[in-house]
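[1] My questions concern the predicted model and sequence given below.
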Amino acid sequence: MSRRVVVTGMGAVTPLGCGLAAFWDGLVSGKNGIDFITRFDASELKAKLAAEVKDFDPKAFLDAKLVRQTDRYQQYAMAAAMMAAEDAGIEGKVAGERFGVYFGSGVGGFETFVREHSTLLERGASRVSPFFITKMISNMAAGQIAIRFGAQGPCLDITTACATGTNAVGEAMRAIRHGYADVMLAGGADAVIHPLAMAGFINCQALTDSEDKDCASIPFDRRRNGFVMGEGAGALVLEEYEHAAARGAHIYAEVVGYGSTCDAFHVTAPDSEAKASSKAIADAYAEAGGSFDPAQIYINAHGTSTPLNDKTETAAIKRAFGEETAGKLHISSTKSMTGHLLGAAGAIEAIAAVKALETGIIPPTIGYQEPDPDCDLDYTPNKALETPLALAMSTSLGFGGHNACVAFGKI
């Protein structure tokens with residue numbers, strides 16, 4: 001059984017703004033969501049920049065009781081999911097048993113974990129919150145979203161580090177395609193702009209030490225030296241095509257391809273030969289049909305601004321498409337504006353890919369100044385590009401060697 005799957009709703013909580021319009025407007029205008037950390041005193045940290053979500057009020061989406069009972073990452077997830085569901089107009093339009101949720105987090109309730117551990121040490125075991133476990137565990141975003149919408153179909157927390165959001169979207173597409181659900185809410189969320197998390201990423205040499213917000217997240221640029229921590233959530237409503245058409249839903253795009261592989265190489269470093277990462281891209285492209293004009297293909301790259309990722313991802317794209325074809329593709333990294341949202345990255349970048357396909361506008365890679373001979377493709381430097389598109393893809397390469405790519409086509 002193979003059924004067509006379409007995108008009928010999207011929601012985003014990002015450093016560029018909350019809501020689909022604010023996020024997309026920020027991308028196409030080249031807005032930089034990166035600045036000095038305000039949530040805590042970062043003066044003792046080597047990395048002082050982050051892409052924080054600003055002006056987010058959880059009480060605009062959740063009642064005060066639920067706000068107290070949830071971690072920040074869950075609040076972001078539920079807000080994005082509620083915006084996506086409203087955008088799709090899906091509430092009351094699908095049977096609960098045919099409605100599923102695949103929503104992941106790379107880290108889960110990190111702030112809660114640290115706070116309650118401090119409570120244990122300072123005030124004793126009896127003062128640890130009764131909501132500690134449910135605020136901390138990474139499946140609870142999916143669980144809370146399912147409760148909110150009465151979604152009684154398949155419900156999974158996908159945790160594949162930086163590939164989480166992309167895997168959630170791809171696996172949700174398969175769940176619908178193979179008949180397990182008619183509608184899926186898919187995406188990812190993370191909120192780990194915290195001194196301990198920052199220290200850990202700094203000490204594994206992942207974060208940039210730049211204090212210039214305009215030269216910090218600079219994917220594919222020769223000066224890059226690490227990523228910038230971001231936070232937020234992205235959610236997409238995926239729906240079986242006939243189900244969407246029957247209710248007159250607005251359809252943004254069709255999910256036409258998905259690839260998922262593992263480097264099986266190293267816990268943090270990508271395999272420089274790009275065998276598995278290129279296969280994820282090639283598999284998604286082949287499933288999409290594999291016969292598009294390269295000048296009408298857009299790839300939202302993982303593009304973390306780390307030396308190894310950007311070089312390897314460039315090699316993966318060349319290996320998947322061939323050197324000559326790769327040179328004709330349109331590519332950009334929106335992490336130049338949002339930083340790296342970890343488990344949410346793939347979800348908001350899938351949204352960016354869908355919007356690029358819908359509007360014919362490719363968001364730029366901002367801050368790009370110095371070409372790198374190892375990164376020699378067209379990365380849409382500094383300014384958005386208007387051009388007709390037939391296919392949009394989004395790639396994610398995560399710690400643990402997880403690789404994922406999802407492809408969207410016009411309908």
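    Arrived safely. Only a predicted model underlies this, so the values are computations on that prediction, with no experimental measurement involved.
[2] make it CA atoms for all contacts and neighbour counts henceforth
    Noted.
[3] so where does Met393 fall, helix or strand?
    Assigned by DSSP states H and E, Met393 falls within strand 391-398.
[4] Measure how far that strand is from the centre of its chain, please.
    Taking Cα atoms, centre = their mean, to the nearest Å, one finds strand 391-398 lying 10 Å from the centre of the chain it belongs to.
[5] Mind listing what's buried along stretch 13-28?
    For stretch 13-28, burial by neighbour count (16 or more other Cα atoms under 10 Å) applies to 13-20, 23-24, 26-28.
[6] where does the chain have low pLDDT?
    1 (pLDDT under 70).
[7] tell me the domain boundaries of it?
    5-246, 257-409 (automatic domain parsing).
[8] Helices of this structure, residue ranges please.
    Using DSSP state H, the helices of the chain run over residues 20-28, 64-68, 72-88, 110-123, 132-136, 140-149, 164-177, 195-203, 241-246, 275-288, 307-321, 323-326, 335-338, 345-359.
[9] just checking, which of those sits deepest inside the structure?
    Burial of the helices of the chain is given as mean neighbour count (mean count of other Cα atoms under 10 Å); helix 335-338 ranks first at a mean of 31.
[10] who touches it?
    Residues outside helix 335-338 that contact it (Cα atoms under 8 Å, 6 or more residues apart in numbering): 14-16, 27, 30-34, 51, 217-219, 230, 302-305, 365-367.
[11] is it true that Tyr252 touches Thr8?
    Yes: the pair Tyr252 / Thr8 is scored as a contact, 5.9 Å apart, by Cα atoms under 8 Å.
[12] Give me the more crowded residue out of the two.
    Thr8 (25 against 22; other Cα atoms under 10 Å).
[13] Could you measure from that one over to Ala326?
    30 Å (Cα to Cα, to the nearest Å).
[14] so what's Met393 bridging to?
    Residues in a beta bridge with Met393, per DSSP bridges, are Ile299, Ala407.
[15] That one reaches Phe408, doesn't it?
    Yes: between Met393 and Phe408 a contact is recorded at 6.2 Å, counting by Cα under 8 Å.
[16] what is in contact with those two at once?
    Ala353.
[17] returning to what we had before: quick check, nearest of the buried residues of stretch 13-28 to Gly108?
    Val13 (16.2 Å; Cα to Cα).
[18] Check the gap between that closest one and Thr166 for me.
    16 Å.
[19] now do Leu342
    Per Cα to Cα, Leu342 is found 11 Å from Thr166.
[20] How about Phe227?
    19 Å.
[21] related to what we said a few turns ago, any residues touching the strand holding Met393, and which ones?
    160-163, 166, 268, 270, 277, 281, 292, 296-302, 309, 346, 349-350, 353-354, 356-357, 402-410.
[22] 6 Å - rerun?
    Strand 391-398 is contacted by residues 161-163, 297-302, 350, 353, 357, 403-409 when judged by Cα atoms under 6 Å, 6 or more residues apart in numbering.
[23] What about the contacts of helix 335-338, which are in strands?
    Thr14 (DSSP state E).
[24] how far is stretch 334-345 from where the chain is centred?
    With Cα atoms, centre = their mean, you get 7 Å for stretch 334-345.
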